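> with the sequence up front, the predicted model follows.
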Amino acid sequence: MKVIRCAKLDLPIDVPSLRAEVAALPDRWKPHFQTAHYDGDWTVLPLRSIGGRPEETMPFALGDAPADYAATPLLAECPAIARFLDSLACPVRSARLLNLRRGAVIKPHRDAELAFENGEARIHVPVFTNADVEFFIDEQRVVMEPGSCWYINANLTHRVANRGGCDRIHLVVDCGVDDWLRAKFAGAEVHHSENRRDPREARQMIEMLRAMNTPAALAIVEQLEEELSGAK
């Protein structure tokens, strides 16, 4: 089955204003919580988080806990970013600035079930970047220009390396998929991949989800085990 690997969305981006706001923000960057997934410095500034907590870098709730997203105090310092978020007529969940500093590498990994086909969409807006950033999704390179807007299928294996001489800062927004967003995808530049799953990676994910031992995690375990069984 084919799935959307990435899509370039036609959304208006005020790049100069976004850059000015990000450059003026206080240095409150926090290390990304997935420390096993990167080498070097990968840092976060939460703009919308669970409960609007400024220290909350995780964009999702663990287990079956409710995830009520709200603006953090930092978003009040970013009116252009707030306007962009308001322009998204779909459900907006978390919004973060992610800084992959020069020389840093995000290792190959997947964010389980985070995909358009599963009702969730992760959107990237490059604010500061350079030509030597290497972003691969399912081993296909995606070049994201400043001011463009991209959906990435985080459920596929992806990796990033900043081999340039400056930091790479993206605005990253997690959204719920609704009719408005589907219409945006209908007019987008869309790239597809086959929905393949690495058996070894699936077994590792099953072990992790079993350890969580929540109804939601165990439901995903059942789905993964069915996929593995069908692949034999």
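Here it is on my side, so go on.
> list the contacts for the residue nearest the centre of the chain?
For the chain, the residue sitting closest to the mean C-alpha position, by Cα atoms, centre = their mean, is R122 at 4.4 Å. By Cβ atoms under 8 Å, 6 or more residues apart in numbering, the contact set of R122 is 111, 114, 151-152, 154, 172-175. The way it works is simple: take the backbone N, C-alpha and C, and place the C-beta from them, glycine included.
> repeat that for Y151.
Going by Cβ under 8 Å, 6+ apart, Y151 touches 4, 6-7, 9, 116, 121-124, 185, 188.
> and the contacts of R122, which are buried?
Buried members of the contacts of R122, scored by 16 or more other Cβ atoms under 10 Å, are 111, 114, 151-152, 154, 172-175.
> return the subset of these lying in strands.
Judged by DSSP state E, the buried ones among the contacts of R122 include 151-152, 172-175 as members of strands.
> hang on, the earlier thing: what about the closest residue to the residue nearest to the centre of the chain other than its chain neighbours, distance to G164?
Distances taken as Cβ to Cβ, 6 or more residues apart in numbering put A154 closest to R122, at 5.0 Å, once the chain neighbours are dropped. The gap separating A154 from G164 is 23 Å, by Cβ to Cβ, to the nearest Å.
> same deal with L100?
Taking Cβ to Cβ, one finds L100 at 10 Å from G164.
> do the same with S193
26 Å.
> re earlier: next, give me the two most distant ones among the ones in strands among the buried ones among the contacts of R122.
I152 and C175 (12.2 Å; Cβ to Cβ).
> show me what the biggest helix by length in the chain is packed against.
Longest helix in the chain, counting residues (DSSP state H): helix 215-230. Judged by 3 or more Cβ pairs under 8 Å, 6 or more residues apart in numbering; DSSP states H and E, the packing partners of helix 215-230 are helix 199-212.
> mind listing what's buried along the helix it packs on?
Going by 16+ other Cβ under 10 Å, helix 199-212 has these buried residues: 202, 205-206, 209.
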